[in-house]
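In: how would this look folded up:
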Amino acid sequence: MLKPLTQEELEVEAKAWQNLLKAKVQEISDAEIAIKRKNRETRKSEEAVDAIEKLKNLLRQQRKEKRVHLLVLQKQKKLKTI
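Out: Numbers count the residues shown, from 1 in each chain. The predicted model follows:
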C-alpha cells in the first residue's frame, strides 16, 4: 500500500535515495580504480618476467656460443700440433 507523502517528506526521501545512489556510485568507482591499478601492476610484473626470460635465453645462447668457440679453439690447437 502506498502512503501519500507531503512535499517535505518526499524531499527527505529523495535526498536519502540520492545519498544512497551517490555512495554506491563512489563504491563502484573506487572498485574500478582499484582493478585498473591491479591490472597495471600485473602487466608490469608480466613484462618483468618476460624480460627476465629473454635475458635467460640470451645467457644460454651466449654460453652455447662460448662452448662452441672453445671447442673450435681446442680443435685448432690440435691441428697445429699435428
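In: Low-confidence ranges, the protein, go.
Out: By pLDDT under 70, the weakly predicted segments of the chain are 82.
In: could you measure the residue nearest in space to the middle of the chain against residue 49, distance?
Out: Closest to where the C-alpha atoms of the chain average out (CA atoms, centre = their mean) is residue 42, at 1.7 Å. Taking CB to CB, to the nearest Å as the measure, residue 42 and residue 49 are separated by 11 Å. Backbone N, C-alpha and C define where each C-beta goes, glycine included.
In: Centre of the chain to the helix or strand harbouring residue 59, how far?
Out: Element membership of residue 59, judged by DSSP states H and E, is helix 7-81. Distance of helix 7-81 from its chain centroid, counting by CA atoms, centre = their mean, to the nearest Å, is 3 Å.
In: just use 803 as the starting number from now, easier for me
Out: Sure, I'll start counting at 803 from here, so that last one is helix 809-883.
In: Just give the number of residues close to residue 819.
Out: 10 (other CB atoms under 10 Å).
In: which residues does it contact?
Out: By CB atoms under 8 Å, 6 or more residues apart in numbering, residue 819 lies in contact with nothing.
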